[in-house]
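*Asks:* Any chance you could fold what I've pasted below:
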Amino acid sequence: MKPSKPTTKPYTRRSESYKAEALKLADRLGYTEAARQLGLHESQLYGWRAKQTHQQTVSSREQEQSAEIAKLKRELLVAQEEVAILKKGQRVLCETAQVKYAFIQQHSREFCIPRLCQALGVARSSYYEWLERQSNSRQREQRQALLDTQVAAAFQSKKGCYGAWRLCKLLAKDGLHYNRKTIANSLKRQGLVAKAARKFKATTHSRHSLPVSPNLLEQNFTATAPNQKWVGDITYLWTDEGWLYLAVIIDLFSRQVIGWAMDQRMTADLVGDALQMALWKRKHPKGVIVHSDRGSQYCSHAYQQLIQQHQLRGSMSAKGNCYDNACAESFFHSLKVECIHGERFTTRDAMKQTVFEYIETDYNRHRLHSTLGYLSPLDFEALFLTS
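*Replies:* Predicted structure coming up:
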């Protein structure tokens, strides 16, 4: 028989993870012991270690080279960006810091902000402070624009007759609380000026021989409840068709116009009709002081008979003293400034319609009266009745 060939141990391929763990075991136990426990030759472990060391050296060198290349690329990009910034911003290099900040803000999406600041020679913190001031300024401008819109709308809604105080109260009713000076500054900024009063012109004809009532009012225009004191007066209103005369009766408690009449002639019937409306509206109260000037219409037999018939107390101003009937004059002032002055009325009917709407809708229901704590006459009376 032929002698048999010695058997060789088959080659076993080891995974990289196995080799790594085997080398860790060799470092901990020693290569001889580790080889014995793993059934390996010591030389295998040394060979694996040599290969691992070589790979780590190559890997480390490649990493360093990659890092160096990346660094050079970044520096190149920075240099290219700085060149591009200087090319675009050369015109602002010698300008003020404010101009440079504006340039940075304009190009902040195109270039890096730190690079922009560095290229233009400004501190990044200074730029951000400027940016915050700009933001605050824009917010302030937006708030100011909103305020101006609200003030202008309120001003126009009252036909340009309300000043800062009344506009302040009017806006507060809508939940918009502003300081009076803030409203005044807004009006000034927009060039809005409330309509001014015209010079008072006396309209009373008191040169007559008719009997005159005593002055029971004596310029005491206060009342603690409705139907204590009424005042009446007449005014002239011009139209293209000629004069229109308006007589009113005002309750001094709330300054509400409770009676009015209009005609193209100024007669005793005119003031009588106004008083009749007031009596009807107030359900014919007794003992009310009804004050007027010494005009012939108020001294007439018909008007005085109406006073006596309804058990009212007649009262008249001193001769030539318009201040004795100041509340009625104040109403006429408001009427003319807020809806008559600056307008042209071609017919008496057009004037009548305008006056009717002013009294019954604007003045009695909505006009804020300073004497009433900036409430309208109707709101003031409603508050009294519910308190």
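*Asks:* What is the helix or strand bottoming out on mean pLDDT in the chain packed up against?
*Replies:* Here the helix or strand of the chain ranked lowest by mean pLDDT, DSSP states H and E is helix 42-89, holding a mean of 78. Applying 3 or more Cβ pairs under 8 Å, 6 or more residues apart in numbering; DSSP states H and E, we find helix 42-89 packed against helix 16-29, helix 31-38, helix 113-120. Where you see a C-beta, it was placed from the backbone N, CA and C, and this is true even at glycine.
*Asks:* Which of those sits closest to residue 341?
*Replies:* Of all those, it is helix 113-120 that lies closest to residue 341, at 59.0 Å by Cβ to Cβ.
*Asks:* tell me the angle the helix or strand just after that closest one makes with helix 113-120.
*Replies:* Next along the chain after helix 113-120, taking DSSP states H and E as the criterion, comes helix 124-157. Here the directions of helix 124-157 and helix 113-120 differ by 100 degrees (axes from the mean of the first three to the mean of the last three Cα atoms, to 10 degrees).
*Asks:* on that earlier part again, for residue 321, find the nearest of the helices and strands packed on helix 42-89.
*Replies:* helix 113-120 (76.1 Å).
*Asks:* Contact partners for residue 304?
*Replies:* For residue 304, the contact set (Cβ atoms under 8 Å, 6 or more residues apart in numbering) comprises 211, 213, 314.
*Asks:* Skip ahead from the least confident helix or strand of the chain and say which helix or strand is next.
*Replies:* That would be, after helix 42-89 and using DSSP H and E, helix 97-106.
*Asks:* now for that following helix, which elements pack on it?
*Replies:* With contacts taken as 3+ Cβ pairs under 8 Å, 6+ apart, helix 97-106 sits against helix 113-120, helix 124-157.
*Asks:* could you redo the last one with a cut-off of 6 Å?
*Replies:* Counting contacts by 3 or more Cβ pairs under 6 Å, 6 or more residues apart in numbering; DSSP states H and E, helix 97-106 packs against helix 124-157.
*Asks:* Only the buried residues of the helix or strand following the helix it packs on, if you could.
*Replies:* Toward the C-terminus, helix 124-157 is succeeded by helix 164-173 as the next helix or strand (DSSP H and E). If you call a residue buried by 16 or more other Cβ atoms under 10 Å, then helix 164-173 has these buried ones: 164, 166, 167, 168, 169, 170, 171.
*Asks:* mind showing which ranges of the chain have poor pLDDT?
*Replies:* Along the chain, segments meeting pLDDT under 70 span 1-12, 75, 87, 89-90, 195-209, 320.
*Asks:* Tell me which residue is most central in it.
*Replies:* Nearest residue to the geometric centre of the chain (Cα atoms, centre = their mean): residue 147, 3.6 Å.
*Asks:* Now do the contacts for the closest residue to that one other than its chain neighbours.
*Replies:* Excluding its sequence neighbours, the residue lying closest to residue 147 (Cβ to Cβ, 6 or more residues apart in numbering) is residue 186, at 5.4 Å. Taking Cβ atoms under 6 Å, 6 or more residues apart in numbering, we find residue 186 in contact with 147, 148, 151.
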